[in-house]
Every structure is written in structure tokens, then in C-alpha cells.
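S.K.: Provided below are the primary sequence and the corresponding predicted coordinates.
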Amino acid sequence: MAGTTTIRKTLVRDLDSIVALENRSFKFDLFSRRQYHYLVTKANATALVLLVGKTIAGSAIILWRTGSTKAHLYTIAVDPKFQGRGLGRKLLDRCLREARTRGCDRFSLEVRADNKPAIALYKKMGYEIIGRVVKYYEDDCDALQMQKQL
């Protein structure tokens with residue numbers, strides 16, 4: 001599974017691969033192909049894919065609100081078979097660069113309260129827990145709201 005790592009904007013032709021990645025990465029709250037299509041083509045969002053060689057190994061979507069200086073990470077995933085290689089951090093770093101380029105001064109996200117590896121990564125990258133949403137996810141798991149100053 002060696003190969004060059006690149007990150008680029010998501011294309012419509014990537015949708016089937018992204019939906020498959022979503023299904024491998026998460027058990028609950030899965031986005032449909034239709035939802036991804038909207039996010040990639042019509043939403044006020046930036047959709048990115050991370051490739052290892054020619055294989056889509058990760059994806060992320062950042063939402064932008066007109067008139068706001070806060071970026072919001074809507075979803076991020078790294079294929080389980082590619083985890084543990086720093087790809088999540090690389091993808092998140094690119095998301096932060098996108099936000100800075102747009103003049104944002106804050107970057108927010110929600111993370112499952114039971115996702116200890118993700119929480120640890122976010123804290124290591126300077127995110128702080130700013131709140132908790134009870135029963136946020138489909139399976140009633142709480143979400144931690146996290147934010148980073150840019």
C-alpha cells in the first residue's frame with residue numbers, strides 16, 4: 001500500500017469511492033451518495049480527498065457560512081486499512097490551510113465522545129473542548145464540540 005500521498009478537491013467521479021470509504025469508516029450516521037453529491041456540487045463547502053497512489057484513502061468536508069470567520073469540519077474519514085500513518089493529521093492540516101486561506105479565525109468540529117484516538121489527535125493539534133451535545137449521534141452517543149483558534 002505504498003505510494004505518493006496527495007490531497008485534492010473532490011470530483012463527482014469520486015462519489016462512489018467516498019461512499020464506500022464512509023461505509024468502511026463509520027457504523028452510524030452515514031452520508032448517502034445523494035448527500036455527498038449535494039455537498040460536492042452545491043453546498044457552500046470544500047470537499048477534499050486524500051489519495052495514496054491512485055486510491056482514495058481519506059476524505060473531508062469543510063462547511064463555510066457566509067459572513068462568518070468560523071470554518072466547520074463536517075466530516076473526515078481515513079480508510080481503516082490506511083490508519084496509523086498520519087494521514088488523518090495530513091488531511092486535517094490541509095483543511096486548516098483552506099480555512100486560513102478563506103480568512104477564518106476559528107475551526108470547529110464535533111467528535112464522538114467515545115472516539116478517543118480522534119479526540120487525542122485534535123487535542124494534540126491544539127483543539128479545545130468547548131461543549132458537549134447529549135445524544136448527538138444516531139446511536140445516542142454524545143458529541144464533544146471542539147474548536148481551534150487559527
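M.R.: Nice, I can see it. Residues are numbered from 1 along each chain as shown.
S.K.: residues contacting Gly3?
M.R.: If you count contacts by C-beta atoms under 8 Å, 6 or more residues apart in numbering, Gly3 has them with Leu51, Val52, Gly53, Lys54, Thr55. Yep, even glycine has a C-beta here, placed from its N, CA and C like the rest.
S.K.: Those into a markdown table, with extra columns for neighbour count, pLDDT and distance to Arg106?
M.R.: What follows is the contacts of Gly3, written out as a markdown table (neighbours: other C-beta atoms under 10 Å; pLDDT from 0 to 100; distance: C-beta to C-beta, whole Å):
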| residue | neighbour count | pLDDT | distance to Arg106 |
| --- | --- | --- | --- |
| Leu51 | 17 | 97 | 28 |
| Val52 | 19 | 97 | 30 |
| Gly53 | 11 | 95 | 34 |
| Lys54 | 8 | 94 | 35 |
| Thr55 | 14 | 96 | 33 |
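S.K.: Greatest separation within these: which pair is it?
M.R.: The largest distance within the contacts of Gly3, taken as C-beta to C-beta, falls between Val52 and Lys54 and amounts to 8.3 Å.
S.K.: what comes into contact with stretch 20-34?
M.R.: With C-beta under 8 Å, 6+ apart as the criterion, stretch 20-34 contacts 15-16, 19, 36, 39, 56-59, 75, 77-80, 137-139, 141.
S.K.: Write a ChimeraX command that selects only the buried members of those residues.
M.R.: Per 16 or more other C-beta atoms under 10 Å, the buried members of the contacts of stretch 20-34 correspond to this ChimeraX selection:
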select :15,19,36,39,56,57,58,59,75,77,78,79,137
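S.K.: got the residue ranges for the strands in the chain?
M.R.: Listed from the start of the chain, the chain has strands (DSSP state E) covering 5-9, 45-52, 55-64, 70-78, 106-112, 128-133, 143-149.
S.K.: Take those and lay them out in JSON lines including distance to Leu121.
M.R.: Formatted as JSON lines, the entries for the strands of the chain read as follows, by distance: least, C-beta to C-beta, whole Å:
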{"stretch": "strand 5-9", "distance to Leu121": "17"}
{"stretch": "strand 45-52", "distance to Leu121": "15"}
{"stretch": "strand 55-64", "distance to Leu121": "13"}
{"stretch": "strand 70-78", "distance to Leu121": "10"}
{"stretch": "strand 106-112", "distance to Leu121": "9"}
{"stretch": "strand 128-133", "distance to Leu121": "13"}
{"stretch": "strand 143-149", "distance to Leu121": "11"}
